[in-house]
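Participant: Kindly generate the corresponding structure for this input.
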Amino acid sequence: MLRAVLFFISIVAIFFGTFVNAQTYSQSFVAGTTYGVTSPQYTGWASFRNSLPDAAVTKITVSGSLDTIGRSCTDASVAQQIADALRTRTYNAFSCDGFTWRTASCSEAPGTPNDIELSVGAAGGCGCETVGYVLSPAILNEYWGGVNSSICGSNVTQTMTVAVISAAPEIEISSSAGAVIADAGIDAQGIEPTGTAKTVIYTVNNSGTDTLNLTSSPSVINLVQGDSKKM
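Facilitator: Reported below is the predicted structural model:
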């Protein structure tokens, strides 16, 4: 009587997975409220700025609850300059995708380490507009800006978000016996008669937008898990 084994091959490479390079600042603001140096609005701005990469930035988007699409800079070279200006607290103006992007000093405590504002399409730094796209979380007064809303005087309760995207590699593993394997997935090999050898080749591809550096060898665990069945 023949016996068959149902094989499952579980591939876990020590470099397996998706490399996500996205830094995001997103906080809720209540109209008429001042956010001090211990508030998450203030400290989150500092943490976000300090986390920005000094290379490979591809896009910056300013959005919020009043404009979920927002305004984006998709010119990678300019987006990197904006990210650098935010990280190093450098005040400047940049032209990208039809808007002027500005970094400016607007705080009640000018020159402090977190004193920098980001605006998109504003006529000038630290201005008050009827409808604007301005984030000034470290201003230390109630005029912290707005996204698709008034900036000063009658600002609106809302969530404001800045997302900085940078190029990232993406590991994709495919099997010669099947299709691409999902992250942390199992590659089922079906039923094989006992004693029958089967060779499966796994290929690692980079489907991402940046160079993938494999600095170590992959490991394979739980190579065979079987359930014997009589036939």
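Participant: List the buried residues of stretch 133-142.
Facilitator: 133-140 (16 or more other Cβ atoms under 10 Å). The way it works is simple: take the backbone N, C-alpha and C, and place the C-beta from them, glycine included.
Participant: Just the terminal-to-terminal distance for it.
Facilitator: End-to-end span of stretch 133-142 (Cα to Cα, to the nearest Å): 16 Å.
Participant: quick check, distance from it to the centre of its chain.
Facilitator: Going by Cα atoms, centre = their mean, to the nearest Å, the spacing between the C-alpha centre of stretch 133-142 and its chain's C-alpha centre is 23 Å.
Participant: can you give me the helices in the chain?
Facilitator: Remark: helices of the chain, listed N- to C-terminal, are 40-51, 76-88; assignment by DSSP state H.
Participant: for the longest one, packing partners?
Facilitator: So the one you mean is helix 76-88. helix 40-51, strand 57-64, strand 92-96, strand 99-104 (3 or more Cβ pairs under 8 Å, 6 or more residues apart in numbering; DSSP states H and E).
Participant: Mean pLDDT and mean neighbour count added to these, as JSON lines?
Facilitator: Below are the helices and strands packed on helix 76-88 laid out as JSON lines (pLDDT from 0 to 100; neighbours: other Cβ atoms under 10 Å):
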{"stretch": "helix 40-51", "mean pLDDT": "96", "mean neighbour count": "17"}
{"stretch": "strand 57-64", "mean pLDDT": "96", "mean neighbour count": "22"}
{"stretch": "strand 92-96", "mean pLDDT": "96", "mean neighbour count": "15"}
{"stretch": "strand 99-104", "mean pLDDT": "94", "mean neighbour count": "20"}
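Participant: circling back: and which of the buried residues of stretch 133-142 is nearest Arg71?
Facilitator: Of all those, Tyr133 has the smallest distance to Arg71: 5.7 Å, by Cβ to Cβ.
Participant: what are the bridge partners for the closest one, then?
Facilitator: Val147 (DSSP bridges).
Participant: if you skip the residues just before and after it, what's nearest to Ser107?
Facilitator: Asp115 (3.9 Å; Cβ to Cβ, 6 or more residues apart in numbering).
Participant: so who does Leu86 touch?
Facilitator: By Cβ atoms under 8 Å, 6 or more residues apart in numbering, the residues touching Leu86 are 49, 52, 103, 116, 118.
Participant: Please convert the residues you listed to a markdown table, extending it with distance to Ala22.
Facilitator: Compiled in a markdown table, the contacts of Leu86 are given as follows (distance: Cβ to Cβ, whole Å):
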| residue | distance to Ala22 |
| --- | --- |
| Arg49 | 15 |
| Leu52 | 11 |
| Thr103 | 20 |
| Ile116 | 20 |
| Leu118 | 17 |
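Participant: which among those gets closest to Ala31?
Facilitator: Leu118 (19.9 Å).
Participant: how many neighbours does the closest one have?
Facilitator: 26 (other Cβ atoms under 10 Å).
Participant: just Tyr25 next, same as before
Facilitator: Counted with other Cβ under 10 Å, the neighbours of Tyr25 add up to 23.
Participant: hey, what's it bridged with?
Facilitator: Val162.
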